[in-house]
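Student: sequence and predicted structure below; questions after.
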There are 2 protein chains.
Amino acid sequence: MTDLLAAHRDRLDAALTAIRSRGYHSAFPESPSPRVYGENAAADGKTAFEAHLAKTYELDIPGAHGTVVTEQSPFGIRMDVAYPRVVEEGLDELLTAAQQGLADWRRAGIDGRTGVALEILDRLHKRVFELANAVQHTSGQAFVMAFQAGGAHALDRALEAVAYAYEEMHRYPATATWEKPAKGDPIRMEKTFTVTGRGVALVIGCNTFPTWNSWPGLFASLVTGNAVVVKPHPLAVLPLAITVDVCREVLAEAGFDPNLVTLATERAGDGLAKPLAQRPEVKLIDFTGGSEFGEWLEQNATQATVFTEKAGVNAVIIDSTDSFKALCNNLAFTLSLYSGQMCTTTQNLFIPAGGIETDEGHKSFDEVGQGIATAISKLLGDDARAVEILGGIVNQAVISRLELAPEYGDVVLESRAIEHPAFPDAVVRTPLLVAIDAEDADVYRRECFGPVSFLVRTADTAQSIDLFKSTVTEGGAMTAGIYSTDPKILDEARDAALDAGVALSENLTGQVFVNQSAAFSDFHGTGANPAANATYTDGAYVASRFRVIQSRRHSAEVAAERR
Amino acid sequence: MTDLLAAHRDRLDAALTAIRSRGYHSAFPESPSPRVYGENAAADGKTAFEAHLAKTYELDIPGAHGTVVTEQSPFGIRMDVAYPRVVEEGLDELLTAAQQGLADWRRAGIDGRTGVALEILDRLHKRVFELANAVQHTSGQAFVMAFQAGGAHALDRALEAVAYAYEEMHRYPATATWEKPAKGDPIRMEKTFTVTGRGVALVIGCNTFPTWNSWPGLFASLVTGNAVVVKPHPLAVLPLAITVDVCREVLAEAGFDPNLVTLATERAGDGLAKPLAQRPEVKLIDFTGGSEFGEWLEQNATQATVFTEKAGVNAVIIDSTDSFKALCNNLAFTLSLYSGQMCTTTQNLFIPAGGIETDEGHKSFDEVGQGIATAISKLLGDDARAVEILGGIVNQAVISRLELAPEYGDVVLESRAIEHPAFPDAVVRTPLLVAIDAEDADVYRRECFGPVSFLVRTADTAQSIDLFKSTVTEGGAMTAGIYSTDPKILDEARDAALDAGVALSENLTGQVFVNQSAAFSDFHGTGANPAANATYTDGAYVASRFRVIQSRRHSAEVAAERR
């Protein structure tokens, strides 16, 4: 086995430096430009993606029986990729096989495992265009976003998780000499500390961000010595099939059991996640998805340490601004990107009934709403440009919610359907803005996932902050924002955000958006409110994925053994 | 507020150095000698302890109604200390009060909270003789052990937890500048990272080690920004009442709400722990005690992160030795100390039916058992000396188990009652050794807590290792040991210990014992087998006790604000 860690040492070291300073860092270029990736990269990646279509994805998964086709592209293309199907009866075989390589994987040591993980990331990066196409056609993200969020940024987040795990495991010395003063000679012991994984880790993928939301957990668990079973969302299998394929390829090349990483594809409705999550072999679970199942996991998979990212009611407080146009443009992009289908998209915009002060003078509640609506309409005025921001609607449930939402209040901006110039069967929708009152708590206190946002009319900013705090405390949030020119209001909002346990973006008026978090610098989620019980990525995200097992002996004996 | 961290900086720095090297370190001298602590320290501490007796311990606990007397000294003295009684109906008031000071506690910052925690440890150290008496008369530990395990070593473990928490919190910068290259000027953001506690932490104390087992969790939670409710075992309240008293005193002096640390004393049988553990305000739980309740907590207090130390079946494999006498003496001390009432005491000694090779020639199974029995008899031959090793039996349940145990097999060493020269009503017992067969799985696969150990007759060492591995995997263990002169057997035992997830002590023949773990160097438990889901103390023990909440803003605005 070549020294994979040495090969990727510089990349790891830069990531380690970045997580300590949490300034800007990126290891994987986010621009899909031919100047960065080469003239043929895009075409080759598309060809590689298309080669999967209407075929069986060959993965030798223990316990799988037959194949299953489950995906439907939001862009309307036929995918017809068949995957080995895992059913509950196959779990014994799958989990037995998953555990076969654990002892060898432990013996690989921290550096050996880290080298393998970094090599996998490097290979995934080489297939980033293929992955971007796979993410696009399963999540509905437009291509550039799929390339960035599903490719480069996902690789950065995975590397961040590897870096935290590497640092965490190396907190403990491999050996220590313990010398206690005593009458006469000191008492001297030699100690050995070995990092061991917890067992089998389960990663449950989601439909919207199959790679970005799965990779941090996958790599954090793998590098800390666990076997990983990946259960993809039935509508977003291909990106994770490629991922698992690459993991197995590198593991096998490096002399490890490829079954340390497996793919458990189910037929939609099979309900495989529940029995899998409660298996005694499963000691770690990473889940992204709805609150109902996330809470079920937290409450029922108690044999495992469970990391969840669930639903939330993301909020922005609008109090005042010295740049009304930039405020509107910034929010317009946030609400439009991927049709608001991000776990980080703002749902509730709290605006005083009496309006706000701006650089353009006083703006009434209606004028603020109209300003945002106009900015959205302008951003999405050209259909060809609009589809590259909006992408496609990921599934029918989003359409159903969108169709119901106008009834909640006064429609400020209607959602419209857009025909995709390249994909005639794509389902594309623009954001809907609905004005409601602070009294309409039953509307804005629960998540309405998709291109629906509420302009909530509050008595004043004090009530906006109160409602922000209570909605996040009760319903959770992945993101929050405030626009204010008043330092006192900003301080109050910061305190409210700390109390509610949510990250706060203040006065975003440029090319940074409340729904975006930058790997190595921004934490994604906090683990401090109901939307998520963990953050990507910090010490808590990695520390309980392994244990340190020690042995100890009198020093003299060690010496004797060495003779 | 004086700079408490500066006052204790050297102690903290030495602890930080120690946890990185995990060599020998102790901040609090373990010898109760007058040469270390002064001529009057012991007498003054005893007087301070006695001043509590037959009185109400004055603590102003919100939600408490009336008082309750619950303790019975294993040494037979009348304690009659009354404590404020908390019942389920008072929990609203208690938990509301506990949360009042949280925002101020967060604002104290990492260094402010660490300074307070270190000052509390220093004050507890000043009362270490008083605490030792309190531990002695609630746990039944003999005085010197109570001073060490319940005083100096407990302080070291608490300091270790503080050091890990301090290091963990400081992994993240307080601020960062994020500067992303872009066309033209880079995009520049200022970010703030704030450590926030999870909410209310609950510490559930045990009867045998009221301080040693409670302090790490208490201090880890407190220093990371949480409020702590301490629910002591009804038979061991006083050590934790003193602890909470000192915490409140220091908090108040430093300008914080003393209700950040409270004591919830219940009447035995009130069952306060369950409703308390399931309160939504409770986000962290530290528990030491029986497996049944520990597992109940893990499965039912799912709103909290739960750290448990439960029952186990600690094992020693005896394969061969080059120092038979030392082996016997070492094990004799382990089995005798505190009458085997440590969570770390060896229960199962796996010995080949055909005997073992030693420096004194071949020893049959019976001769090995007899060697250990003789060493115990010799160690405990003098009653006055014996009671200082054995201490008292902590409660009636231990006596009941001890009385049943001779029926399990062939008694190799009978347990005998000893009259304590100083405490005529003390209940003192010597260890019982029972020889059983590998087939008697129902006997040795479950914990028989107290002065009962089994000599398990195995086919050979290979079977010993198998049984060691399977009993620990299924029943858990806090400790394990091996005696062998064969490097191959030692390697096999190490692998088995790694597979089973238990720390291994090899060939202990001197003044280190399998049932003892040294703070800063040995991990206590592993979190990798059913006996405990956490270890004292490592990164995983502290990392999920807090969250990092960020805020971010464009750099120019920061500049504008500063103008």
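Tutor: Done, it's in. Residues are numbered from 1 along each chain as shown, chains lettered A, B, ... in the order given.
Student: from memory A:T138 sits against A:A236, does it?
Tutor: Yes. Here A:T138 reaches A:A236: they are 3.8 Å apart, a contact under C-beta atoms under 8 Å. Heads up, the C-betas are built off the backbone N, CA and C, glycines and all.
Student: which neighbours do those two share?
Tutor: By C-beta atoms under 8 Å, 6 or more residues apart in numbering or on different chains, A:T138 and A:A236 have these common neighbours: A:71, A:207, A:210.
Student: quick check: A:A158 is in a helix.
Tutor: Yes. Assessed with DSSP: H, G, I helix; E, B strand; the rest coil, A:A158 lies in a helix.
Student: give me every residue that touches it.
Tutor: A:121, A:215-216, A:218-219.
Student: can we see that at 10 Å?
Tutor: By C-beta atoms under 10 Å, 6 or more residues apart in numbering or on different chains, the contact set of A:A158 is A:27-28, A:117-118, A:120-121, A:124, A:211-212, A:214-220, A:222-223, A:243, A:519, A:536-537.
Student: before we move on, the earlier item: switch the shared contacts of A:T138 and A:A236 over to TSV; also include neighbour count, distance to chain B and secondary structure.
Tutor: Below are those laid out as TSV (neighbours: other C-beta atoms under 10 Å in any protein chain shown; distance: C-beta to the nearest C-beta, whole Å; DSSP: H, G, I helix; E, B strand; the rest coil):
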residue	neighbour count	distance to chain B	secondary structure
A:E71	22	33	coil
A:N207	23	26	coil
A:P210	31	26	coil
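Student: looking at those residues, which is nearest A:T374?
Tutor: A:N207 (31.5 Å; C-beta to C-beta).
Student: and the contacts of A:A158, which are buried?
Tutor: Buried members of the contacts of A:A158, counted by 16 or more other C-beta atoms under 10 Å in any protein chain shown: A:27-28, A:117-118, A:120-121, A:124, A:211-212, A:214-220, A:222-223, A:243, A:519, A:536-537.
Student: quick one: mean pLDDT for the longest strand seen in chain A?
Tutor: For chain A, the strand that runs over the most residues, judged by DSSP state E, is strand A:187-197. When pLDDT is averaged over strand A:187-197, the result is 97.
Student: what pairs with it, parallel or antiparallel?
Tutor: Looking at strand A:187-197 with DSSP bridges, its partner strands are strand A:175-180 (antiparallel), strand A:546-554 (antiparallel).
Student: the following helix or strand past it: partners in the sheet, and parallel or antiparallel?
Tutor: With elements assigned by DSSP states H and E, the helix or strand that comes after strand A:187-197 is strand A:200-204. Under the criterion DSSP bridges, strand A:200-204 sits next to strand A:227-231 (parallel), strand A:282-288 (parallel) in its sheet.
Student: centre of the chain to the longest one, how far?
Tutor: Average the C-alpha atoms of strand A:282-288, do the same for its chain, and the two points are 14 Å apart (C-alpha atoms, centre = their mean, to the nearest Å).
Student: give me the distance from the following helix or strand past that strand to the chain's centre.
Tutor: Per DSSP H and E, the first helix or strand lying C-terminal to strand A:282-288 is helix A:291-300. Distance of helix A:291-300 from its chain centroid, counting by C-alpha atoms, centre = their mean, is 18 Å.
Student: same deal with stretch A:327-343?
Tutor: With C-alpha atoms, centre = their mean, you get 18 Å for stretch A:327-343.
Student: straight-line length of it, end to end?
Tutor: 21 Å (C-alpha to C-alpha, to the nearest Å).
Student: wait, does that stretch contact chain B?
Tutor: No. Judged by C-beta under 10 Å from any C-beta of the partner chain, stretch A:327-343 and chain B are separated, with a smallest distance of 10.6 Å.
Student: A:T138 and A:A236: which is more packed in?
Tutor: Remark: of A:T138 and A:A236, A:T138 carries more neighbours, 32 against 28, as counted by other C-beta atoms under 10 Å in any protein chain shown.
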